[in-house]
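> I would like the atomic coordinates for the input below:
(one chain, ligands or ions: 2)
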Amino acid sequence: MTALTTASEDVARLTRWADDFPEPGVRFADLTPVFADAKAFRDVIDALVEVGDGADLVAGIDARGFLLGAGAALALDAGVLAVRKAGKLPPPVLTREYQLEYGTASLEIPADGIELAGRRVLVIDDVLATGGTLAAAADLLTTAGAEVVGIAVVLEIESLGGRSRLAGHPVTSLLRV
Ligand SMILES: O=P(O)(O)OC[C@H]1O[C@H](OP(=O)(O)OP(=O)(O)O)[C@H](O)[C@@H]1O
Ligand SMILES: Nc1ncnc2[nH]cnc12
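Ligands and ions are numbered 1, 2, ... in the order given. Next comes the predicted model:
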């Protein structure tokens, strides 16, 4: 069985779905049980890094993407960059506002202290829903001069169409629902 198939099965088995969270009409995918299971977490990291060959930096998105990003960066022998929600990093920062299924938010990365020009970045998050979050992250990184070599998520909610907002980037999801 491939790493992708094994991880898909783990994610399908362990994801906890919550109706009407965080607001009515949203069916929320909680991957906490996947990450808390030693085998499933290992399988997920193994599958994510398969698409990161050649990346020298892994960008993990606030907040659950941090867990995956750190694990993947170690496995790839790459650095890790935390793409933060607004207000967590000292200035100067680059900021992108975006919309998601349940509101508006902003992501930020440092505007100095890290040379991002020429870095080959694998961007990782837990869930791809409307795609606003990952589109904002990819835009921030390319604005800073980095090359986004791939985007990888654990779970893709296809009905929300997020993949179409990430045109131009190779997108891998371990499980599509
Ligand atoms: O594709 P989108 O519609 O943009 O949604 C996906 C994002 O939504 C969730 O994060 P959330 O903003 O809830 O933040 P959290 O990880 O801090 O809980 C999830 O972890 C993704 O980052
Ligand atoms: N339905 C959902 N489940 C988990 N994370 C999400 N982010 C946006 N929509 C989501």
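> gap between Ser173 and ligand 2?
From Ser173 across to ligand 2, the span is 13 Å (C-beta to the nearest ligand atom, to the nearest Å). From N, CA and C alone the C-beta is placed, and that goes for glycine too.
> who's in contact with that residue?
Applying C-beta atoms under 8 Å, 6 or more residues apart in numbering to Ser173 gives the contacts 128, 152-156.
> drop anything exposed from those residues.
Neighbour counting over the contacts of Ser173 (16 or more other C-beta atoms under 10 Å) leaves 128, 152-156 as the buried ones.
> where do the strands sit along the protein?
Taking DSSP state E as the criterion, the chain contains strands spanning 16-19, 27-30, 57-61, 79-85, 93-100, 103-110, 120-128, 147-156, 171-176.
> let's have these in a markdown table, adding mean pLDDT and distance to Leu141.
Output for the strands of the chain, formatted as a markdown table (pLDDT from 0 to 100; distance: least, C-beta to C-beta, whole Å):
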| stretch | mean pLDDT | distance to Leu141 |
| --- | --- | --- |
| strand 16-19 | 98 | 30 |
| strand 27-30 | 97 | 25 |
| strand 57-61 | 98 | 6 |
| strand 79-85 | 98 | 8 |
| strand 93-100 | 94 | 9 |
| strand 103-110 | 95 | 7 |
| strand 120-128 | 98 | 5 |
| strand 147-156 | 98 | 6 |
| strand 171-176 | 98 | 15 |
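> pull up the residues of the protein that are close to ligand 2.
Residues of the chain lying close to ligand 2 (C-beta under 6 Å from any ligand atom) are 26-29, 100-101, 127, 129, 157.
> check whether Gly132 really touches Tyr102, as I assumed.
No: applying C-beta atoms under 8 Å, one finds Gly132 not in contact with Tyr102, separated by 10.8 Å.
> circling back to that earlier point, want to throw the contacts of Ser173 into a markdown table with distance to Gly71?
Below are those laid out as a markdown table (distance: C-beta to C-beta, whole Å):
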| residue | distance to Gly71 |
| --- | --- |
| Leu128 | 18 |
| Ala152 | 12 |
| Val153 | 14 |
| Val154 | 11 |
| Leu155 | 16 |
| Glu156 | 19 |
